[in-house]
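# take a look and give me a structure for this.
(chains A and B)
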2 protein chains.
Amino acid sequence: MQNTQVKLMKRPVGEPTNDCWKIEDAELPEINDGEVLVKTLYLSIDPAMRGWMNASRSYIKPVEIGDVMRALGIGEVVDSKDDNFKKGDFVSGNTGVQEYASLPAKELIKVDPSFVDLPVYLGTLGMSGMTAYFGILDTGLPKEGETVVVSGAAGSVGSVVGQIAKIKGCRVVGIAGGKDKCDYVVNELGFDACVDYKEDGLRKNLAKACPSGVDVYFDNVGGEILDTMLTLINKRARIVICGAISQYNATESSGPKNYLSLLVNRARMEGIVVFDNIANYGKAAKEMGGWIAAGKLNANYHVEEGGVKAFHETLMKLFSGANTGKMVLKVA
Amino acid sequence: MQNTQVKLMKRPVGEPTNDCWKIEDAELPEINDGEVLVKTLYLSIDPAMRGWMNASRSYIKPVEIGDVMRALGIGEVVDSKDDNFKKGDFVSGNTGVQEYASLPAKELIKVDPSFVDLPVYLGTLGMSGMTAYFGILDTGLPKEGETVVVSGAAGSVGSVVGQIAKIKGCRVVGIAGGKDKCDYVVNELGFDACVDYKEDGLRKNLAKACPSGVDVYFDNVGGEILDTMLTLINKRARIVICGAISQYNATESSGPKNYLSLLVNRARMEGIVVFDNIANYGKAAKEMGGWIAAGKLNANYHVEEGGVKAFHETLMKLFSGANTGKMVLKVA
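Model (predicted):
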């Protein structure tokens, strides 16, 4: 058996190109005591991956040139030298973009395919769902009756943010690209409204969708949308900075020109990193699992086929906004 | 007797010009029941005045064209139709840029020239001192041993911010323009260090002055300095947005390009407006008065002579950074 791997060969300037990667067939890894051999079933495809390709340390160290690209995955245990895991178990862990991974047992979490579909453990009950849960609740601090706006509303984080804000009794307005996504956000996810940023009149359309102004803005995109939202916030608004997908491939970044709206409105802009909440993931998963079971939380995901060889094109689809819900690459 | 007044005649684009103002001699105002006639002694000259000249409503309504320019002042009561005030009392209130003002008694606060010099009621115990006090304590949340950086460190707000942070046991680093101001900030105000932003190597000099990084940054200036500070903050840092004197006369504003440092560092940027704390001014003045009396707080101010006719040039001196401590215009 062979293990097809995707390795980082070059740090991109701007948008990643296909020659950043080398696809190689390696031998199946050996496992030592305390390790588990995992066969990758699904990989989580995330905007954060772009940051991991840079040389500079962010909230996590960069992927080194020549190393297998970092990725969270769901897999099946095919061999184990640890008493806590046996063949046939399903696990979540840092598999990387490869078909098989030898991983320390203590870094794996068992997942149950009878509770929710396996890809949900990469999305709503994975990193993006945790980001949404802690970001909106602990930093956004939404109160019943307030207006919450979220960009990237059809994406893995935004879709969960908005649904949690609805559960908390807020008016929830999404921002997404294109009519199909906006329809999905309103009809499938139950947002009160969704504004298409590709249409003309972004500010006017947002103002119309938020007749009482904006109390919480959850930002996944940065750029012009963040700047526009700064002109619509209410006094003491909270802006959660979760990401800036519009900026990740930009070679020259632009800042929010209207940031002095924070002063006029005594408002706050605060960044979040999901790993800070790792101790509370279990509690959050339990609460969100309950909402999924009760039909209050739509745990949508988008599966691309093609295995690890399709990694580059799947990542690029993420940046072009092809997906609704969590983007997942099926490996086996 | 005549009442010389300075009226706003034109809204400036960019830097205010002399023709924004008309200087007129009016009759002394009449006073009605419940009103007090105040002779202006000192006027507070503030960066915020630039914002009041714009047509757009900020945290306070604009000055209307043809109206006497808004200004806080200290004056002496020369006539009173209110039982709480008598001739010879000293008061603080919204006198405007004029020699005499008829003001409702309920909007005046009595001040005591035997406690501190009268101009101190416009500075350390006035709007700028209150801005500093609530901004650094309630929003900056400095903890003993943390590093606090403040820009405009020789100015009315910055000088108080830094001294309060010293009282709270922090390492305090100022940013100011020119060697004289930096010497003043270190030698007279007791900051641990002060970086001259007019010298080359701003980031390197700041990094050297903050060997443990920056936990609180109190921003009075915006622009490049804010952007540089964003690259030096520690995890969970608090950036207090108090003003942006570098931007007030700019016709095209620039945003903080490095704002994603908030994300990486789970940091916060929050705006403040002093008027929100009006109910607690008395408590703050008492505490700061105690610090002044104990020699812990240097309540410095800078008096310009020339009366209301010198208003325009005094305001321009403020923007060019000519003052250390609170800028005050002596009227009588």
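
# got a list of what residue A:228 touches?
Residue A:228 is in contact with A:202, A:203, A:206, counting by C-beta atoms under 8 Å, 6 or more residues apart in numbering or on different chains. C-beta here means a position set from N, CA and C on the backbone, and glycine is covered the same way.

# does it count as helix, strand or coil?
helix (DSSP: H, G, I helix; E, B strand; the rest coil).

# check the gap between it and chain B for me.
Distance from residue A:228 to chain B, counting by C-beta to the nearest C-beta, to the nearest Å: 12 Å.

# and if you look at residue A:299?
Relative to chain B, residue A:299 is positioned 25 Å away (criterion: C-beta to the nearest C-beta).

# show me the contacts for that residue.
Taking C-beta under 8 Å, 6+ apart, we find residue A:299 in contact with A:116, A:117, A:120, A:123, A:124, A:125, A:129, A:292.

# show me which of the residues you listed neighbour chain B.
Near chain B, judged by C-beta under 8 Å from any C-beta of the partner chain, there are no entries from the contacts of residue A:299.

# lowest-confidence one in those?
Comparing pLDDT over those, the lowest score belongs to residue A:116 (89).

# need the pLDDT of the most centrally placed residue in chain A.
Centroid-nearest residue in chain A: residue A:128, 3.8 Å away (criterion: C-alpha atoms, centre = their mean). Per-residue pLDDT puts residue A:128 at 91.

# just the element for it, please.
According to DSSP states H and E, residue A:128 maps onto helix A:127-134.

# contacting residues around that helix?
Contact with helix A:127-134 is made by A:44, A:46, A:72, A:122-123, A:155-161, A:164, A:242, A:272, A:274, A:276-277, A:280-281, A:284-285, A:287-288, A:299, A:326, as judged by C-beta under 8 Å, 6+ apart.

# now do the buried residues in the next helix-or-strand element following that helix.
Later in the chain than helix A:127-134, the nearest helix or strand by DSSP H and E is strand A:147-151. Neighbour-count burial for strand A:147-151, counted by 16 or more other C-beta atoms under 10 Å in any protein chain shown, picks out A:147, A:148, A:149, A:150, A:151.

# just the buried members of the contacts of residue A:228?
Counted by 16+ other C-beta under 10 Å, those give A:202, A:206 as buried.

# and the contacts of residue A:228, which is closest to chain B?
Nearest to chain B, judged by C-beta to the nearest C-beta, of the contacts of residue A:228 is residue A:203 at 15.2 Å.

# what pLDDT does that closest one get?
As predicted, residue A:203 sits at a pLDDT of 97.

# go on, residue A:252?
69.

# turn the buried residues of strand A:147-151 into TSV, including distance to chain B and pLDDT.
Formatted as TSV, those follow (distance: C-beta to the nearest C-beta, whole Å; pLDDT from 0 to 100):
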residue	distance to chain B	pLDDT
A:147	19	98
A:148	19	98
A:149	18	98
A:150	16	98
A:151	14	97
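
# max pairwise distance over these: which two?
Greatest spacing in the buried residues of strand A:147-151, by C-beta to C-beta: A:147 and A:151 (14.1 Å).

# residue A:37 looks like it's in a helix, true?
No. If the criterion is three-state DSSP, then residue A:37 is strand and not within a helix.

# for it, which non-adjacent residue is closest in space?
residue A:79 (3.9 Å; C-beta to C-beta, 6 or more residues apart in numbering or on different chains).

# wait, what's in contact with that neighbour?
Taking C-beta under 8 Å, 6+ apart as the criterion, residue A:79 is in contact with A:31, A:36, A:37, A:87.

# rerun at 10 Å
A:28-31, A:35-39, A:85-87, A:100, A:102 (C-beta atoms under 10 Å, 6 or more residues apart in numbering or on different chains).

# and the pLDDT at it?
97.

# equivalent analysis for residue A:119, please.
Residue A:119 is given a pLDDT of 95.

# how about it, secondary structure?
Per three-state DSSP, residue A:119 ends up helix.

# what of residue A:195?
Classification of residue A:195 using three-state DSSP returns strand.

# give me the number of residues near it?
27 (other C-beta atoms under 10 Å in any protein chain shown).

# same thing with residue A:162?
Residue A:162: 29 neighbours (other C-beta under 10 Å).

# same check, this time on residue A:50
So residue A:50, with other C-beta under 10 Å, has 18 neighbours.

# distance of the residue lying closest to residue A:69 once chain neighbours are set aside from chain B?
Leaving aside its sequence neighbours, residue A:69 sits nearest to residue A:97 (C-beta to C-beta, 6+ apart; 4.2 Å). Residue A:97 sits 24 Å away from chain B, going by C-beta to the nearest C-beta.

# give the contact list for residue A:97.
A:4-8, A:21, A:23, A:40, A:43, A:45, A:49, A:63, A:68-71, A:73, A:308-309, A:311-312, A:314-315, A:329, A:331.

# any low-confidence regions in the stretch 201-332 of chain A?
Along the stretch 201-332 of chain A, the model assigns pLDDT under 70 to residues A:251-252.

# do a quick rundown of the strands in it.
All strands of the stretch 201-332 of chain A, identified by DSSP state E, counting those that start in this stretch, fall at A:214-219, A:233-241, A:268-271, A:301-304, A:326-330.

# surely residue A:41 is in contact with residue A:90?
Yes. Here residue A:41 reaches residue A:90: they are 7.8 Å apart, a contact under C-beta atoms under 10 Å.
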